[in-house]
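Asks: here is a sequence together with a model predicted from it:
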Amino acid sequence: MPDLLAHAFLAYSLATVASWRYEWLTSPYVTVAMAGAFIPDLSKGELVLPDARVEQLLGIPFDWFGLHTAGAVVCSILIGALLVHARERRRVVLLLALGAGSHLVADGLLKKPEGVSHPMLWPLTRIHPPTPGLYLSTDVTPAVVLGVVALIVTLVTKYRQSAGDG
């Protein structure tokens with residue numbers, strides 16, 4: 001995905017379509033799914049504090065990109081679940097996982113020079129899965145397409161709500 005906005009559009013669309021089926025999935029929960037889409041990009045912390053500086057501060061090897069893996073995403077989701085009331089945890093975990101999972105899958109479709117993705121399933125495996133190479137991370141097209149999809153989903157949702165009121 002070219003940017004965080006595209007990931008937010010994807011999570012929004014998935015969660016909103018799911019809300020058509022599940023009445024409890026209201027707007028605040030859709031926002032939780034969108035927040036989940038941001039979790040893997042915590043690895044962008046490197047832009048603020050480089051790996052070498054963190055290693056120097058902690059005195060141990062460190063790589064921000066580790067936060068862009070399934071293992072770190074699961075840990076982040078569990079931490080996020082602890083920040084909400086106990087009765088909300090199951091839903092929050094599910095929606096954070098939806099957002100973060102859609103992010104990892106979308107990034108797995110990126111075009112890479114090596115023809116393989118990053119080891120996104122670490123620590124389960126260090127395998128770099130092959131990528132179909134659908135787009136570059138700098139392409140704007142996915143953000144535009146997902147923005148249009150999000151707009152269509154919003155319009156359909158509003159139509160469904162007005163049809164249900166009438």
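Replies: Happy to help now that I have it.

Asks: so where does Leu94 fall, helix or strand?
Replies: helix 89-107 (DSSP states H and E).

Asks: what comes up buried for stretch 37-45?
Replies: For stretch 37-45, the neighbour count (16 or more other Cβ atoms under 10 Å) marks 37-41, 43 as buried. (Each C-beta comes from the backbone N, C-alpha and C, glycine too.)

Asks: what of stretch 100-120?
Replies: 100-104, 106-108, 110, 117-120.

Asks: now do the same end-to-end measure for it.
Replies: 12 Å (Cα to Cα, to the nearest Å).

Asks: distance between it and the chain's centre?
Replies: 12 Å (Cα atoms, centre = their mean, to the nearest Å).

Asks: so what's the model's average confidence on it?
Replies: Computed over stretch 100-120, the mean pLDDT rounds to 89.

Asks: of the buried residues of stretch 37-45, which is the nearest to Gly80?
Replies: Ranked by distance to Gly80 (Cβ to Cβ), these are led by Ile39 at 7.8 Å.

Asks: may I ask which two of the buried residues of stretch 100-120 are separated the most?
Replies: Longest span within those, Cβ to Cβ: Ser102 and Pro119, 18.6 Å.

Asks: list phi and psi for the most centrally placed residue in the chain.
Replies: When Cα atoms, centre = their mean is applied to the chain, the residue found nearest the centroid is Ala37 (2.3 Å). Torsion angles at Ala37 (phi, psi; degrees, to the nearest 10) stand at phi -70, psi -20.

Asks: pretty sure it contacts Leu5?
Replies: No: Ala37 is beyond contact range of Leu5, at 10.0 Å (criterion: Cβ atoms under 8 Å).

Asks: what's in contact with the helix holding Leu94?
Replies: 1, 6-7, 10-11, 14-15, 18, 24-25, 29-30, 32-41, 68, 70, 73, 76-78, 80-82, 84, 117-118, 120, 142 (Cβ atoms under 8 Å, 6 or more residues apart in numbering).
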